[in-house]
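*Asks:* Sequence plus the predicted model coming up.
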Amino acid sequence: MGKGKPHLEFERLDMDGGWECPEGYPEGIEQKILAADIDEDGKSGSRTRLLRFQPGAYSKVPFVHDHWEEVYLVSGDLIVGNNENGDGGEKFMAPTYACRPPGVHHGPFKSDNGCILYELHYYYDVDEA
């Protein structure tokens, strides 16, 4: 059997449990992996996750990664471009969407009242398309 995400048919999500702080993220920002076969070392596969900010949580430095990222702000508010003290930036309210190619610096991020993001991360070689 080859690589790939699992086949899932409308699995009920426990929105209270199963959240974890991703490596390198500050406390108050948590992810719930929905499906993944991503291999960041081998630069293949994809990941689908929910990312949740608790009210007032913020990151301090911009992010950059070598995969594509699509982000849909499902609920709440997300501030983009705050400083390391959590001040400033531009506020966006749900529903909002972003699509970023590899290598794009983005963030830092903050949420005043909390938010949930639906994210897709994937490797895509345009030469193979």
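*Replies:* That came through fine.
*Asks:* Which residue ranges of this structure form strands?
*Replies:* With DSSP state E as the criterion, the chain has strands at 29-36, 46-53, 68-80, 90-93, 96-100, 109-110, 115-122.
*Asks:* Using a markdown table, lay out those together with mean pLDDT and distance to residue 6.
*Replies:* Bear in mind the C-beta positions are built from the backbone N, C-alpha and C, glycine included. Shown next, in a markdown table, are the strands of the chain (pLDDT from 0 to 100; distance: least, Cβ to Cβ, whole Å):
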| stretch | mean pLDDT | distance to residue 6 |
| --- | --- | --- |
| strand 29-36 | 97 | 6 |
| strand 46-53 | 98 | 11 |
| strand 68-80 | 98 | 20 |
| strand 90-93 | 98 | 32 |
| strand 96-100 | 98 | 25 |
| strand 109-110 | 98 | 29 |
| strand 115-122 | 98 | 16 |
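*Asks:* any idea which of those strands is most buried?
*Replies:* Comparing the strands of the chain by mean neighbour count (mean count of other Cβ atoms under 10 Å), strand 109-110 comes out on top with a mean of 26.
*Asks:* which outside residues touch that one?
*Replies:* Outside strand 109-110, the residues that touch it by Cβ atoms under 8 Å, 6 or more residues apart in numbering are 53, 56-59, 78-80, 82, 86, 89.
*Asks:* re the thing from before, next, format the strands of the chain as TSV and append distance to residue 15.
*Replies:* Shown next, in TSV, are the strands of the chain (distance: least, Cβ to Cβ, whole Å):
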stretch	distance to residue 15
strand 29-36	8
strand 46-53	8
strand 68-80	11
strand 90-93	20
strand 96-100	20
strand 109-110	21
strand 115-122	9
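*Asks:* Out of those, flag the one nearest residue 7.
*Replies:* strand 29-36 (9.3 Å; Cβ to Cβ).
*Asks:* chain center to that closest one, what's the gap?
*Replies:* Centroid displacement of strand 29-36 relative to its chain, using Cα atoms, centre = their mean, to the nearest Å, is 8 Å.
*Asks:* One more: stretch 38-47?
*Replies:* Averaging C-alpha positions (Cα atoms, centre = their mean) puts stretch 38-47 15 Å from its chain's average.
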